[in-house]
Every structure is written in structure tokens, then in C-alpha cells.
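> What follows is a predicted structure for the sequence shown.
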Amino acid sequence: MIDLEKELNEAQFEAVTTIHGPVLVIAGAGSGKTRTIVYRLAHLVDLGINPSSILLLTFTKKAAQEMLLRAGKLLGAKMEGVVGGTFHSFANFILRRFAKEIGYSSDFTIIDQSDSQDIIKQLKESNKIATKDKSFPKKSTIFSLISKMRNKEIPLDETIASASSHLLIYLEDIEKLYKLYTDFKKEHNLMDYDDLLFNLEELFLSRKDILDFLKKRYQFVMVDEYQDTNLVQGRIISYLAGKDGNIMAVGDDAQSIYSFRGATVRNILDFTNIFKNSKVILLEKNYRSVQSVLDFSNAILKNATEKYEKRLVAVREKGIRPQIIRTISDQTQAVLVVNKIIELSRKYPLNEIAVLFRAGYQSYPVEVQLNRAGIKYKKFGGLKFSEAAHIKDVIAYLRLILNPADFLSWQRVFCLIPKIGPKTVKRLFDSYYSDKNYLLKVCKSNEKVAKIFSLMNDSSVKTLKPREILEKVFEIYEPYFKAEYHDDYPRRQAGLDELMQLSSTYTDLEAFLSDITLEPVEPYALEDPLEQYVTLSTIHSAKGLEWDVVILIDMVEDRFPSKLSQLEPEGMEEERRLFYVATTRARDRLYIYSPKTLVSKTGEPYLTSVSPFIEELDKRVFDEFKETYSGNIRKVSHKKKGLLSEKSTNNSNNKGMWCNHKVFGRGKIIGIINPNKYKVYFPGFGTKVLIKDYVEIE
DNA sequence: CTAGTCACTTTTTTT
DNA sequence: AAGTGACTAG
């Protein structure tokens, strides 16, 4: 038996031991949220509850696995049978069994974002939509509008109006494409990420008996990161748990950073309405960060328009005050960051140091310097392993074996063969589903085509292990691969080796393919697990993690908060929460770098200002340093402590407001150049500097 | 119909 | 600096 009272604080204890009925746990950053879930899992099993009646929904599969591992250790490894993973992987798991009930075949293929975009591009071409119109939105824009509409469940016209009203003129065509896209997926047995959730809901609604069966099966439901669930996910939970179900949702409204994906804090706020007899538990003691890091983080939230009621109280000692370092350029920033890492590495293991940033590309200069210094690092977020062209090529063969209706994969696979382009593939595909005459003819004259068909038609292939199938695929793919990528051959070969390695842990091809598209792949499978490395990560990918030292880079205007985020009405608020998530990852030390100049894409250096999130901060919560031209770091004294921030906000009271301009339409004031000149962002036109008198403030 | 060339932009975050 | 789209020769 586990001594819960000894291991947990009062609030945690209550969350762990309230196992019947709905419970909402509002868990501030570092308040022992994971610990609570782990102990609750162990406690449930300890009470004799069957592990297979527990469903644990988390943000990544890895998070679920780690929690189960820890719970298992507490108990002595009895956690097998718990279903744990993301909403999407759970939906996949259920839909594989009941696909037929909603008009799919159970070997459906899950498509990722770039697949979706390719489909849209093709549909636009084949249906001759906006053929000559150069300003027609790109496939990525169209897809993101469609996905936003579905995730936020707002009609398409409103979705376009809210974020990019200049595209409203294309509404009809976009609607048409949406319809075509929906039909295409159904016809070819494909589901995108959003379909997994909506189809699960459809199954629940149309087959009450199946829902009842699942409700009985999953008696205890736990959901982590509840603030980042969207509306369908919220409904899925409410169907599955029922009004008085044994459900625990854990989240923190101050850490909501996925609203661009349709996540809404409304799910947290509505929890007590949907589940009438629910208990709300607050975890407010912060065990992670030292006092001064927590003071800094709390100061960030003070500037949020939405007020967060809870105040985190630090348990740990005062610690070192966070430092903000103004560097001369992004290049010197990279050098100084690496020097700092070297200095810190005497006190902290490399594994306990993380460099965080807003967007994937921002770490490139730091990566260069780390390589130069010979320091190992791993990067998370940004470009995905499974989206590299050569990986997608190989995956396409596998998809074809499993789901021959997957036309997208036909194209990828057959277009690799010389002299075969989109038109020929279409003919082959059509022929495959009719009399097969054309197909047989081509096979006779082209043995490369024949080879692929024999792989597709050989039913014994499906029974092989994923690794063995991959070996067969490599045999076919190798010549194309070498021809196509001869310049960066070794790097890409390494990627294929990793894919091979990854596949050997699977026995089932379908599971392998689903996981590749649903879970971020750990692309370091081949490395020594004991090796020490620095972590580089986007803030989004750092969610839920923690390090002794956190270094945040590129803390400048237009990068953080991201320029693009300012299009969205709530963008600024979400960026601020993102900043909060970043700083609360730190246990002991927090360093924030902010370069004074950046290099533009054309190679020109240009001046930037420090991020408004730093400007608005109470000066008492950090120390400020700057890089001198002689290469030293000098402390900057805050002459008027706590007053400087007042000064900068007073004359900018129009900042953040919307205004109208005769030519550019509606725009957002993103900066004040001087009392008479505003910097305004107009969707569709970009940033303009305008005389105050020419704009009308709303 | 395919494949190669040229000019043009664009660079958030993720299941 | 790469990834798209448009155009054209074969």
C-alpha cells in the first residue's frame, strides 16, 4: 500500500482519493500535476480496479507512457491494460474497430497536414478553380482556414472574416474546395486529424449501443492538459463519462496555448455546468521553481487582460533573479548563449539545460555555435521528421499496401518512375478499379511499374512485420532515392535508418503507420541514451517539461509575440501565456536573451526593439544586462525601479486597438512611433506606418 | 504528357 | 534558401 498522506499535500491527496464522480483539478505550473495523476493511477489499481477500465488521455503518447511507468514503479509494475494516449490515438483505436458503422473501411489511412494540402491543390487543378488567379490563396492558407473552421466550429465566412477578411472574395471557391476535399477523403478511405475526432463523435451519436459499451469499458477517465482541448474533444469526454461519470480533468487556464487549433478554456469553465456534481480542486503550491523565477512568471500574468484567480506560492528558496541580456545581434546572441551553456555546464548537467524559442527557425544560429563548440544537442519542434520528402516517399509504399484506395500515395510512388507523371498515375489508378486493361499493358512494358503492383497485390506482404516490409520497399526505392537526393545523401540515409529502427518495435503495419502520423517521432532512436545533451525546443513542444536552467532567446518585437499572432483578436493574450509557459519551465535559473539587431532574409541587418512583454514587466523581478561593443557583459541599473514600465505604456494607450483606414481597411495598431505616428498591421497589406490623423480609432 | 527552367515569395505554434 | 507556380521544349 502506498502512503498517500505522506507523499502528497492536502489538495493533491484529495484529487487522488476522490475517485467517484466528476473532478476538475486546476493545477498551476509546477504544482505537482503529473505527480497527482501518477498517484491516482496507482491508487486506483491499488484499490483493485481493473487497469483496463482506466482511460488516460494526455497530450502525447510519451507523456501517457511516462505516467504509467511511474505509476507502475509505485505499485511494482501492474499497470498493463490502461489505455493511454492522445485523443487522436484513442479515436484511431476505436474507429479501427467500428469504421464500418460510419461508412469507412477499417484500413483507412490517416493523412497529415501536407497530405491534406496536396489533395486541395489537386482538387483545385482538376476542378479548374481559379486557374489563372495569382492572388488566390495558397493551398496551405486554404487548408488552415478549413481546419480552423472545423476546430473552432465557426462557419467558414466568419472564420475568414475574423482572421483574413481580404480573402472573403474567394469564399465561394473555398467552400467548393471544402466540399470536394470532404468527398475526396471519404471516397479514398482517408481521414485527417480533425476527422478522427468528428468521426468518433459521429459514431457515439449514431450508435448509442457502441457508446454504452465503451462507457462500461472505460469506467475511469482522466484527461490531462484540459485547457488545450477543443469543443469536439470536450463533447467526446462528456459522452464517454456521462453526467455523473468518474472523470477527472486536469488543466491550467493560464497555460492555454493552443487556441489556434481550436482549443478553448471554455471547456474548463463549462466543466462544472456539464458535470453538475463536480468537485473542483486547486493545486496552488509550486514545487518546481525558485521564488524569484516564480515572481517573474507571476509578473507576466499580471499584464493579462483575463485575470487568473490563483496565485502560485513558491515552496522553494529565493534563488537567483532572472536575467535579461540585450545582445548586439542575433549572431552574438548565439555565441553568448553557447558561452553561457559552457559556463553553466560546470554546475549543471547538459540534460538540465534547455534553450527555448517561439519558432523552429530561430535556433539555427545557436545550433551552428553548438556544433562549433562540440556540444551535443537535441532539437524538438519545428520541422518534423516524418514530413521529410524521402520519409514520406517510403511511407507512401506502406500506405499503398494497406489501403490501395489511397490515391495520394499512388502519385508519390509512381511519379518517382521516369516518364510517369500525374496523368499516367490517374489512368493507372482508374484502370485498377475497372477492367485493369491499361494497367496490365503498362506492367508488360515497364517492369518498374510491375514491381510495385506485385508488391501491392501480394497478400502475403501484409502478414510480414513492418521491418520486413520496409526492407522490401527499400529495395524498390533505393535507385530513385539515390538519383533524387545524391547531394545530401548521407543525412537522408540516416533518416531512413532511423525509420527502420523505429519500425522494428512494431508487429503490425497499421499501428506503425498510425503512430508515425499521430505521434511526434523521437528522431534520436539510434543514439546512446546515456549521452548528455542540451535541449533545443519550441515552447509548444516544451509543454509539460522542466529543466534546472531555461534560456529563452529572440525575445524581441515581432518574434515574440509573433507578428502573425497579432492578426488574431486574442493573439496577444495567447502569446503572453506562451511566455508564461516558457518561464515556468525553469527550476533554478532563467536567462532571457534579446538581440538589438536581426538579419533579414535579404541579408540586411535591421534594428529591433525588446519584446513588449519585457517592456510591460515590473522591473523589480529581473536584472538587466547588455553586451558592450568590447564583447563584455555589463549590468544595466534600473534607475527608476518599477516606474520605467509606466512610462512606456502611458503614451501608447492606443496600442493593441483596432482602427480603420480609407485604403487599407481595418487594421490593428501594433506600435506607436511617436505621439503622431502609428505602426498599424493591416491583414492583406502588412505593416504600415501612418500619421495618426489618417486613421480612425475604433 | 513529362520534365526541366526560371522567377517569385515566404518564415508560428501541432495532433 | 527553399519551396512554389508558371511556362515551354521535346
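That came through fine.
> near DNA strand B, which residues of the stretch 101-250 of chain A?
Contact residues (CB under 7 Å from any atom of the strand) of the stretch 101-250 of chain A with DNA strand B: A:Asp112, A:Gln113, A:Lys138, A:Ser140, A:Ser144, A:Ser147, A:Tyr193, A:Asp194. Just so you know, the C-beta spots here come from the backbone N, C-alpha and C atoms, and that holds for glycine as well.
> which of these are buried?
A:Asp112, A:Gln113, A:Ser144, A:Ser147, A:Tyr193, A:Asp194 (16 or more other CB atoms under 10 Å).
> okay, the residues of the stretch 101-250 of chain A next to DNA strand B in CSV with secondary structure and pLDDT next?
Below are these laid out as CSV (DSSP: H, G, I helix; E, B strand; the rest coil; pLDDT from 0 to 100):
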residue, secondary structure, pLDDT
A:Asp112, coil, 90
A:Gln113, helix, 89
A:Lys138, coil, 85
A:Ser140, helix, 88
A:Ser144, helix, 89
A:Ser147, helix, 91
A:Tyr193, helix, 94
A:Asp194, helix, 94
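> Run a quick neighbour tally on the residue of chain A found nearest DNA strand B.
Residue of chain A nearest DNA strand B, by CB to the nearest atom of the strand: A:Gly421 (2.6 Å). The burial count assigned to A:Gly421 is 12, neighbours taken as other CB atoms under 10 Å.
> go on, A:Ile553?
28.
> returning to what we had before: let's have the residues of the stretch 101-250 of chain A next to DNA strand B in CSV, adding distance to A:Gly103.
Output for these, formatted as CSV (distance: CB to CB, whole Å):
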residue, distance to A:Gly103
A:Asp112, 22
A:Gln113, 24
A:Lys138, 31
A:Ser140, 29
A:Ser144, 27
A:Ser147, 22
A:Tyr193, 19
A:Asp194, 17
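> so for stretch A:84-104, what's the average pLDDT?
On average, the pLDDT along stretch A:84-104 is 95.
> Max pairwise distance over the buried ones among the residues of the stretch 101-250 of chain A next to DNA strand B: which two?
Farthest apart among those by CB to CB are A:Asp112 and A:Ser144. That separation is 13.6 Å.
> ok, which stretches of the stretch 351-500 of chain A are strands?
A:353-357, A:377-380 (DSSP state E, counting those that start in this stretch).
> Tell me what the closest residue to DNA strand C within the stretch 451-600 of chain A is bridged to.
Residue of the stretch 451-600 of chain A nearest DNA strand C, by CB to the nearest atom of the strand: A:Val599 (8.4 Å). Judged by DSSP bridges, the bridge partners of A:Val599 are A:Pro605.
> Can you name the residues that contact it?
A:Ser329, A:Asp330, A:Gln331, A:Pro605, A:Tyr606 (CB atoms under 8 Å, 6 or more residues apart in numbering).
> For the second one, give me its contacts.
To tie it back to what came earlier, the one meant is A:Asp330. For A:Asp330, the contacting residues are A:Pro365, A:Asp554, A:Pro595, A:Thr597, A:Leu598, A:Val599, by CB under 8 Å, 6+ apart.
> With the first one instead?
The contact partners of A:Ser329, by CB under 8 Å, 6+ apart, come to A:Pro595, A:Lys596, A:Thr597, A:Leu598, A:Val599, A:Pro605.
> Present those residues as JSON lines; the columns should include pLDDT.
Shown next, in JSON lines, are these (pLDDT from 0 to 100):
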{"residue": "A:Pro595", "pLDDT": "92"}
{"residue": "A:Lys596", "pLDDT": "90"}
{"residue": "A:Thr597", "pLDDT": "87"}
{"residue": "A:Leu598", "pLDDT": "85"}
{"residue": "A:Val599", "pLDDT": "78"}
{"residue": "A:Pro605", "pLDDT": "75"}
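> now for these, which pair is the farthest apart?
Farthest pair in the contacts of A:Ser329, by CB to CB: A:Lys596 and A:Val599, 12.2 Å.
> residues near the residue nearest to A:Glu306 when sequence neighbours are not counted, how many?
Distances taken as CB to CB, 6 or more residues apart in numbering put A:Glu573 closest to A:Glu306, at 6.5 Å, once the chain neighbours are dropped. By other CB under 10 Å, 18 other residues sit near A:Glu573.
> Please tell me I have it right and A:Thr141 contacts A:Leu167.
Yes. Checked against CB atoms under 8 Å, the pair A:Thr141 and A:Leu167 is within contact range at 7.4 Å.
> elements contacting the strand or helix carrying A:Leu203?
For A:Leu203, the host element (DSSP states H and E) is helix A:193-206. Contacts defined by 3 or more CB pairs under 8 Å, 6 or more residues apart in numbering; DSSP states H and E place helix A:193-206 against helix A:87-98, helix A:139-152, helix A:208-217, helix A:231-241.
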